[in-house]
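One predicted model, sequence on top.
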Amino acid sequence: MAEQFPPPPPFGNAVAAQGNDVSDKQILPVVLFLILLPTVHRFYVGKIGTGILFFLTLGGVGLWWVYDVIMAITGNFTDKYGRKITRWI
């Protein structure tokens, strides 16, 4: 008989497909990007399309920026797969 090895760990969309609802990203960089380099936080979590919209609308004239700050600090901000970013470091 051949030896059986466990399957390799999933990556990319496969992680989200397994039901893992916690992102591997961290809150601290998101908050620092929001404060120091707005728009970059969206690219950091993989939300390229909304990052471009955020840039073009200047953070929704500030309203979208305030919403993102609140969502990030409370641990409800999500990555591009919809997984919550809950770890600070």
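The structure has been received and is ready for your questions.

dump the residue contacts of the residue nearest in space to the middle of the chain.
The centre of the chain sits closest to residue 79, judged by CA atoms, centre = their mean, with a distance of 2.5 Å. For residue 79, the contact set (CB atoms under 8 Å, 6 or more residues apart in numbering) comprises 23, 25, 45, 46, 47, 85. For every residue, glycine as well, the C-beta is placed using N, CA and C.

are any of those buried, and which?
Buried residues within these, counting neighbours by 16 or more other CB atoms under 10 Å: 23, 25, 45, 47, 85.

Quick one, which of those residues has the minimum pLDDT?
Least confident entry in the buried ones among the contacts of residue 79, by pLDDT: residue 23, with 91.

low-confidence ranges in this protein?
Counting by pLDDT under 70, the ranges of the chain that qualify are 1-3, 5-19.

90 instead?
Confidence mapping of the chain against pLDDT under 90 gives the ranges 1-21, 88-89.

mind listing the strands for it?
Ranges of strands within the chain: none, based on DSSP state E.

Spell out, range by range, the helices that occur in it.
13-17, 27-36, 40-44, 48-56, 58-61, 63-73 (DSSP state H).

Contacts only, for residue 43.
By CB under 8 Å, 6+ apart, the neighbours of residue 43 are residue 51.

repeat for residue 29
Residues near residue 29 by CB under 8 Å, 6+ apart: 41, 44.

before we move on, what about residue 25?
Residues in contact with residue 25, defined by CB under 8 Å, 6+ apart, are 44, 45, 79, 85, 87.

Tell me how far it lies from residue 61.
26 Å (CB to CB, to the nearest Å).

ditto for residue 24
As judged by CB to CB, residue 24 and residue 61 stand 32 Å apart.

same check, this time on residue 43
Separation of residue 43 from residue 61 (CB to CB): 20 Å.

and the helices of the chain, which is most packed in?
helix 40-44 (a mean of 20; mean count of other CB atoms under 10 Å).
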